[in-house]
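*Asks:* how would this look folded up:
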Amino acid sequence: MKDHRKYSAQQMADALLDARGFVTVAAEKLGCHRATVQRYINDFSTVQDALKDAREKRHDFVESKLMAAINEGNITAIIFYLKTQCKDRGYIERYQQEVTGKDGEGLTIVIKPRD
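*Replies:* Below is the predicted model of the structure:
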């Protein structure tokens, strides 16, 4: 059966990379609906990989901006970093404390029957 898709998987992957992993932006660039992009992501591993790569690059970019702000002495950026990356050193607000199991793993809940 012949594939009658309008775009190649490579075109879709390129659009996602150009859009930094934003599905709606990739759809706008191609002139299609975001559901079309999502179908390609679901159907083609190359497109899935492009989406993951684009989002990793976006995360790296944002992290570099955060580190630049920290290097400039931006106290808000410093506090944000400490609260999100240095929890094990006590930089956490008590009302936002996460509840986890040993070593940050999930909790095991045991329900005991009543006597």
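*Asks:* what's the pLDDT at Tyr95?
*Replies:* Each residue has a pLDDT score; the one for Tyr95 is 61.
*Asks:* Now for the most centrally placed residue in the chain: which residues touch it?
*Replies:* Taking C-alpha atoms, centre = their mean, the centroid of the chain lies closest to Arg55, which sits 6.1 Å from it. Contact partners of Arg55, counting by C-beta atoms under 8 Å, 6 or more residues apart in numbering, are Arg20, Gly21. Where C-beta positions appear, they are placed from N, C-alpha and C, glycine not excepted.
*Asks:* can you do 10 Å?
*Replies:* Under the criterion of C-beta atoms under 10 Å, 6 or more residues apart in numbering, the contact list for Arg55 reads Leu16, Arg20, Gly21, Phe22.
*Asks:* Over to it. Which of the three states is it?
*Replies:* helix (DSSP: H, G, I helix; E, B strand; the rest coil).
*Asks:* hang on, the earlier thing: of the contacts of Arg55 - the most surrounded one?
*Replies:* Ranked by the number of neighbours (other C-beta atoms under 10 Å), those place Leu16 first, at 29 neighbours.
*Asks:* The helix or strand harbouring that one packs against which elements?
*Replies:* Secondary structure assigned from DSSP states H and E places Leu16 in helix 9-18. Contacts of helix 9-18 with other secondary structure elements, assessed using 3 or more C-beta pairs under 10 Å, 6 or more residues apart in numbering; DSSP states H and E, are made with helix 23-30, helix 34-43, helix 45-71.
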